[in-house]
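Enquirer: Attaching a predicted model along with its sequence, questions to come.
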Amino acid sequence: MAHRHIFARAAVIAALLLIRSTSADVLPDNRADVFYSKYSGGGMDITGYSATARAKITENFAVEANYFIDKVSGASVDVLSSASPIKDERRQKSGTLEYLHDKTTYTASYMSSVERDYISETASFSLSQSMFGDLTTVTLGFARTNNTVGDNGGTSNKPDVRWVGHALTRAYSGGVSQIITKNFIAGVNLQVITDAGYLANPYREIRFLDGSTRGYGLASQVYPDTHTSTAVQVQAKYYLPYRAAVTGLYRYYNDTWGVIGNTYELDYTHPIRNQWIFEGRVRYYKQSAASFYSDLFPFQFAQNFTARDQNLAALDNTTIGAKITYAFLPDGWKIFKRGTVTGDVSRIRFNYHDFRDNKDFGVAQGFAPGTEPLYQFNATVYQLYLSMYF
Amino acid sequence: MRLRPILLIATLSGALLLSSACSIQPWVKPYERDRLADPIMAWDRDAISNAYLDHVRESREGSRGATGGAGGGCGCN
Amino acid sequence: MFSTSTLLKRCAMAAIVVASTAFAASGDASGPAPAFTLTSLSGQPSGLSAYSGQVVMVNFWATWCGPCQQEMPLLDQMYKKYKPAGFTLIGVNVDKEAPAVKELLTRKPVSFPVLLDPANQVSKAYHVDEMPSSVIIDRKGQIRYIHRGYKAGDENDYQDRIRQLIRE
């Protein structure tokens, strides 16, 4: 039930990341990765497995294919109605074509994400142009996603899915990357995303005071049927003389739902010769709540739009992460130019400023509705992957 | 419209400035890009891992978009 | 007169065209090839003057440049083929430090002379504006052709030019 939608929607957004890793002057090396990930936190465990391969077909033309499965189990704090643990699976496939001509790289890709109660398909196109002696790279992109949203009225083992709506998402992006000195590169990205249609998570509910024993009743959320957001990110990378790199980034986000988000991140990368790369990261994120969000409404139809989705609450989170890459084939072997194995662990602390933990605390424990402790939890994200370059 | 000739002059001077700005030589030469070509200076050394972390964040946060980076590298062709 | 919006669109397009075509493609060139003296990996000095009277190709490369690595074996083959006819290939390496160059050439040796230009004096003198770059010089010491970048199949282009200059 519940949470899968959010992961699916996020995967769709990930597919809209058009400004990823393109170099307009030469197509990247051939590479194959097998990837394992695990997210554990807030009562949920999500395991992901993926395989990706990219290869140059000709000097100017490359293809990439990816297959990703994630499996969720657990029950998060906002799901009260189900006593049984949920188990669900999402399958994602994507294919990308890249074409390089002179100093321009054209990229087209398609992604589909399917789970029992959510289907999503994205088509995207981007263009990356290297100019001014290859010091400047300008990227423009567009993506379009169709989502079909369902509501599983049954259980994980005996599903009963009713399709409740469609949503269309369009994303427009632009970015400029500039080499400032031989040690320093900076960039700015802008992305405007607009959605229309059924935009709520059908499993999440609002609560409102109703004078019952519990103190509150539950009802469906009512979301606007449009949403437009703008995000701007500035970033810079600097090479330290003893061979290391430090990266800083800041992203500002705001949208028509009233959410304002600020992201700050600092990364440090330290290699040892040709064989090891150590990386550490620190990230701080803070957001204000959506205008129609409330943890507890005074009555059911208090506003035209009502939401109690955790993602729209006022919150902050802090992440500390570490990554180690070991090249077990630093100089290659037969057709492989290089082989590496990477482990990455991130620890995230989430603090909600206006979302209360009504799953573990209630009238029975002596908390009147609206006085339960604010929700907070820790999550750990593990990644392990093998990368072969050929 | 009186605005038209002003806009015309502004655009033409802008275009002229842009084309003369392009006669400034690139100040980092291709043979000076050794550090920028180092894999540790790539924006997305492991794109799949970065995409996955973005996915985790966007599933728990209200923000989305504008992540990733392009450009840099060796500038070879 | 055109409408303001058409004019704006045309100016914007013109500016983009100017900006994006500001890089030079491979082509014929002219002028005397600047003389230089550099040391090899083993410390022996050498330069363009050692090969006067021959057709010379000066190839600028680096250990960190992917396309440079790709063309090296093909350059080596080309060198061996045309050497008896009075051709020489000088690999000018632009790395800041020698150990990486030594390590690469030990793993993937080449038979043509490799000289080191860590201070980038020769690269500057030859106005290198793309990596890799190959400058083809005729028997009289005049630059005849500059090839910028490397894509599979470019070695055929090199060979055509070299054969032409050998026959002169």
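Expert: All right, it came through fine. Numbering: from 1, shown residues only, chains lettered A, B, ... in the order given.

Enquirer: Kindly state the pLDDT recorded for residue 82?
Expert: Since no chain was named, I'll use chain A. At residue A:82, the model reports a pLDDT of 44.

Enquirer: my bad, the chain I had in mind was chain C
Expert: Residue C:82 carries a pLDDT value of 94.

Enquirer: before we move on, what SS does it have?
Expert: At residue C:82 the chain is in helix, as set by DSSP: H, G, I helix; E, B strand; the rest coil.

Enquirer: Nearest residue to residue A:228 in space, ignoring adjacent ones along the chain?
Expert: Nearest residue to residue A:228 in three dimensions, chain neighbours excluded: residue A:194, at 4.4 Å (Cβ to Cβ, 6 or more residues apart in numbering or on different chains). The way it works is simple: take the backbone N, C-alpha and C, and place the C-beta from them, glycine included.

Enquirer: OK, contacts around that neighbour?
Expert: A:169, A:170, A:171, A:226, A:227, A:228, A:229 (Cβ atoms under 8 Å, 6 or more residues apart in numbering or on different chains).

Enquirer: Is it bridged to anything, and to what?
Expert: Judged by DSSP bridges, the bridge partners of residue A:194 are residue A:170, residue A:228.

Enquirer: same check, this time on residue C:40
Expert: As for beta bridges, residue C:40 partners with residue C:115 under DSSP bridges.

Enquirer: how about the helices in chain C?
Expert: Using DSSP state H, the helices found in chain C span residues C:4-20, C:66-82, C:98-107, C:121-125, C:154-167.

Enquirer: Distance-wise, check the closest residue to residue A:41 other than its chain neighbours relative to residue B:52.
Expert: Distances taken as Cβ to Cβ, 6+ apart put residue A:379 closest to residue A:41, at 2.5 Å, once the chain neighbours are dropped. Counting by Cβ to Cβ, to the nearest Å, the separation of residue A:379 from residue B:52 is 14 Å.

Enquirer: What's the local residue count around residue A:213?
Expert: 7 (other Cβ atoms under 10 Å in any protein chain shown).

Enquirer: for residue A:334, same thing?
Expert: Every residue meeting other Cβ under 10 Å relative to residue A:334 is counted, giving 7.

Enquirer: Residue C:31 now?
Expert: A total of 8 residues lie near residue C:31 under the criterion other Cβ under 10 Å.

Enquirer: Spit out the residues that contact residue A:379 and residue B:52 alike.
Expert: With contacts taken as Cβ under 8 Å, 6+ apart, residue A:379 and residue B:52 have no neighbour in common.

Enquirer: partners of residue 47 in the sheet?
Expert: Going with chain A. residue A:38, residue A:71.

Enquirer: Actually, chain C is the one I wanted.
Expert: Under DSSP bridges, the beta-bridge partners of residue C:47 are residue C:37.

Enquirer: need the contact list for the residue lying closest to residue A:329 once chain neighbours are set aside.
Expert: Counting by Cβ to Cβ, 6+ apart, residue A:339 is the residue found nearest to residue A:329 once chain neighbours are left out, at 3.4 Å. By Cβ under 8 Å, 6+ apart, residue A:339 lies in contact with A:327, A:328, A:329, A:332, A:333, A:386, A:387, A:388, A:389.

Enquirer: Isn't residue B:45 up against residue B:72?
Expert: No - using Cβ atoms under 8 Å, residue B:45 is not in contact with residue B:72; the gap is 11.3 Å.

Enquirer: Neighbour count: those two, which is higher?
Expert: Legend: neighbour count by other Cβ under 10 Å for residue B:45 and residue B:72, higher for residue B:72 (24 against 19).

Enquirer: does the more buried one sit in a helix, a strand or a coil?
Expert: On the basis of three-state DSSP, residue B:72 is classed as coil.

Enquirer: From residue A:48, how far out is the closest residue to it other than its chain neighbours?
Expert: Sequence neighbours aside, residue A:185 is the residue nearest to residue B:72 in space, at 4.7 Å (criterion: Cβ to Cβ, 6+ apart). To residue A:48, residue A:185 is 31 Å away according to Cβ to Cβ.

Enquirer: Of those two, which one has the most company?
Expert: Each of residue A:185 and residue A:48 has its neighbours counted (other Cβ under 10 Å); residue A:185 has more, 29 against 22.

Enquirer: So for residue A:379 and residue B:52, which sits in the more crowded spot?
Expert: More neighbours surround residue B:52 than the other of residue A:379 and residue B:52, with 24 against 19 (other Cβ under 10 Å).

Enquirer: Can you name the residues that contact that one?
Expert: For residue B:52, the contact set (Cβ under 8 Å, 6+ apart) comprises A:14, A:35, A:37, A:48, A:50, A:383.

Enquirer: avg pLDDT for the host helix or strand of it?
Expert: Using DSSP states H and E, residue B:52 maps to helix B:47-58. For helix B:47-58, mean pLDDT is 94.

Enquirer: for stretch C:64-71, same thing?
Expert: For stretch C:64-71, the per-residue pLDDT averages 90.

Enquirer: Pull the residues that contact that stretch.
Expert: With Cβ under 8 Å, 6+ apart as the test, stretch C:64-71 has contacts from A:26, A:29, B:33-34, B:37-38, B:74, B:76-77, C:59, C:61-63, C:95, C:104, C:108, C:131-132, C:149-152, C:154-155.

Enquirer: among the residues you listed, which ones are buried?
Expert: Taking 16 or more other Cβ atoms under 10 Å in any protein chain shown as the criterion, what is buried in the contacts of stretch C:64-71 is A:26, B:33-34, B:37-38, B:74, B:76-77, C:59, C:61-63, C:95, C:104, C:131-132, C:149-151, C:154-155.
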